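S.K.: build the 3D model from these lines:
(chains A and B)
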Amino acid sequence: MGHVIIATWTAREGEADYIRSILEKMTPGNRAEEKSVHFQAQVSNDDPNTFVVYEHYTDATGYEEHRASEPFQTLVLGEVIPRLQSRSVTTFTTVGDEA
Amino acid sequence: MTLVTALTINESQVRVPCEEARAALDTVSGLTAPQAREKLRFAAGHTCEPVARIIDKAMSDARSSGLDPRQLVVTAATVTAGEDIVRVRRKAHGKADWIASATSDIRFDLTPRGLYEATGAHVAPAPSPTVSRPEDDMADRRAADRDPLADSVRELLYEVIDPDLGINIVDLGFVRNVTVEQGRVAIITMTLTSAACPLTEIMSDQMRAELLPAEGDRLVSDFRIEWQWVPAWKPSDITADGREQLQAIGFTI
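M.R.: The predicted structure is shown next:
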């Protein structure tokens, strides 16, 4: 049963470029995680400060393991979050069969 | 020998005028707790929700003490005027003023029915067991844990007004938690009536104006909003003051 996280980040003024670079840096590692089905970060077409991060794991433990990982601890908690003006994290479960 | 005694319920500063509470308790004296609660909640003419809620809680506490509320009769009610609760109504529709709400200190007994019938309710209430309130203990603990700086941030948020309703975001129940992290960054956990609310930007700007004024002292160096959409906001999140303000502008709530 897929476990999906959609995080919406709003960067503080002047921090969007740095956040974008962190997302680019962490994407390959996130995709390589054992329980990662899909990982994709996107930036809003209307507001360059608004990012959406879509994370799909095979199950909830995948997300727990991702949160415990060194890149999450250092890059997300250490580098990204202090540069955010606001953040929203919503969790979803796949309906029906996995694609 | 089994000691049969009455439970004494004491509630201070219940937000209901003294005469109203007294009249309400007079109408239910001698009724069992569930009958009293029903009457106070639904009877034509004399409903009194604040007192009904006290009976609700007392019934729940009685149940958890192994007592059957249906066997407990409301007796020995006394009501005295409590100290008014005075709060500032924050800039509701552009002006701040004071709200004073009359309160009552309410005390009554829940006497086991057999004892009530045998003695005509002349039962000396035992000093204990007084119904204890676990939620009060929780509130005390929460108060002890509170960070004064976070409280001051929360105070400032009373100045942030929902543009639709003209009522501050704290009284609307949108501010769920405030903490202050290292570096004096305030982390404000918030919700709104809907995740799709188009006003998040406006509120965020207002928060910035209050928390990080261009001139004058700043309590915090910066702030971050953590939006929380689950559990969803519900009308019961509105504070009593928020309700008063909504009622003042014509909402039935």
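S.K.: just want the most central residue of chain A.
M.R.: Residue closest to the average C-alpha location in chain A (CA atoms, centre = their mean): A:V53, at 4.0 Å.
S.K.: is chain B within reach of the host helix or strand of that residue?
M.R.: Taking DSSP states H and E as the definition, A:V53 sits inside strand A:50-57. No - applying CB under 8 Å from any CB of the partner chain, one finds strand A:50-57 out of contact with chain B, separated by at least 10.2 Å. Placement of C-beta: from N, CA and C, glycine included.
S.K.: report the buried residues of that strand.
M.R.: A:T50, A:F51, A:V53, A:E55, A:H56, A:Y57 (16 or more other CB atoms under 10 Å in any protein chain shown).
S.K.: relative to strand A:50-57, how tilted is the next helix or strand along the chain from that strand?
M.R.: Sequence order places helix A:60-68 as the next helix or strand after strand A:50-57, per DSSP H and E. Helix A:60-68 and strand A:50-57 are oriented at 130 degrees to each other (axes from the mean of the first three to the mean of the last three CA atoms, to 10 degrees).
S.K.: wondering if helix A:60-68 reaches chain B at all.
M.R.: No - using CB under 8 Å from any CB, we find that helix A:60-68 stays clear of chain B, coming within 14.5 Å at best.
S.K.: give me the mean pLDDT for that helix.
M.R.: For helix A:60-68, mean pLDDT is 94.
S.K.: need the contact partners of it.
M.R.: By CB atoms under 8 Å, 6 or more residues apart in numbering or on different chains, the list of residues contacting helix A:60-68 from outside reads A:H3, A:I5, A:N30, A:E33, A:E34, A:K35, A:S36, A:E55, A:Y57, A:F72, A:T91.
S.K.: among these, which pair sits farthest apart?
M.R.: Using CB to CB, these span at most 19.5 Å, a distance reached by A:E34 and A:T91.
S.K.: pLDDT on the strand holding A:V53, on average?
M.R.: 96.
S.K.: may I have it as PDB, with CA atoms only?
M.R.: Taking C-alpha atoms only, strand A:50-57 is exported to PDB below (Å, rounded to 0.1, in the frame of the first residue of the first chain):
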ATOM      1  CA  THR A  50       6.800  27.900  -3.600                       C
ATOM      2  CA  PHE A  51       8.000  24.300  -4.000                       C
ATOM      3  CA  VAL A  52       6.000  21.100  -3.900                       C
ATOM      4  CA  VAL A  53       7.800  17.800  -3.000                       C
ATOM      5  CA  TYR A  54       6.100  14.600  -4.000                       C
ATOM      6  CA  GLU A  55       7.400  11.500  -2.200                       C
ATOM      7  CA  HIS A  56       6.000   8.100  -2.800                       C
ATOM      8  CA  TYR A  57       7.200   5.100  -0.700                       C
END
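S.K.: who are the packing partners of it?
M.R.: strand A:3-11, helix A:16-32, strand A:36-43, helix A:60-68 (3 or more CB pairs under 8 Å, 6 or more residues apart in numbering or on different chains; DSSP states H and E).
S.K.: now do the second one: everything it contacts.
M.R.: This means helix A:16-32. Counting by CB under 8 Å, 6+ apart, A:9, A:11, A:36, A:38-41, A:43, A:48-49, A:51, A:53, A:55, A:66, A:69, A:71, A:75-76, A:79-80, A:83-84 sit against helix A:16-32.
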